[in-house]
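Visitor: pasted the sequence and its predicted model underneath.
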Amino acid sequence: MADCIFCKIAAGEIPSNKVYEDRQVVAFYDLDPQAPVHVLVIPKEHIASAQEIGPENSGVVAHIFEVIAELSRELGLEKGFRVVNNCGEDGMQSVQHLHFHLLGKRKMGWPPFPPER
């Protein structure tokens, strides 16, 4: 997608602080970290959201989780971490490109956001 910021990052058109890259995915530090370790892991192929995952592209999601496991070891997240995917407007997805947040090096709470009142 020509106007997708994550596609531009994946293509190297926009700089990022990359921690991992292969032919299918890119992982880079979030510009607005919510934890001491906050990495985004994205497919290079444009997939708008988790709602668009199907048999033709689900393999990249499995690969993303393999990368997340590798990064968790490399980044010293042996005490635990959280993986978050926001999907759609109500899920607070801010960039319409499938991405997973890898958060660690702090104690996570639950629920992650206070309920609306």
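Guide: Good, I have the coordinates.
Visitor: stretch 31-44: how far from the chain's middle?
Guide: Centre-to-centre, stretch 31-44 and its host chain are 6 Å apart (Cα atoms, centre = their mean, to the nearest Å).
Visitor: same question for stretch 61-76.
Guide: So, by Cα atoms, centre = their mean, the centroid of stretch 61-76 is 11 Å from its chain's centroid.
Visitor: for the residue most central in space within the chain, give the beta-bridge partners.
Guide: Among the residues of the chain, the one closest to the centroid is F100, at 2.3 Å (Cα atoms, centre = their mean). Beta-bridge partners for F100, by DSSP bridges, are V41.
Visitor: quick one: contacts for it?
Guide: L40, V41, I42, I64, I68, V83, V84, N85 (Cβ atoms under 8 Å, 6 or more residues apart in numbering). Every residue, glycine included, has its C-beta placed from N, CA and C.
Visitor: same check on F65?
Guide: By Cβ under 8 Å, 6+ apart, the neighbours of F65 are V83.
Visitor: quick check: buried residues in stretch 7-26?
Guide: For stretch 7-26, the buried set under the neighbour-count rule, 16 or more other Cβ atoms under 10 Å, comprises C7, K8, I9, A10, S16, V19, Y20, V25, V26.
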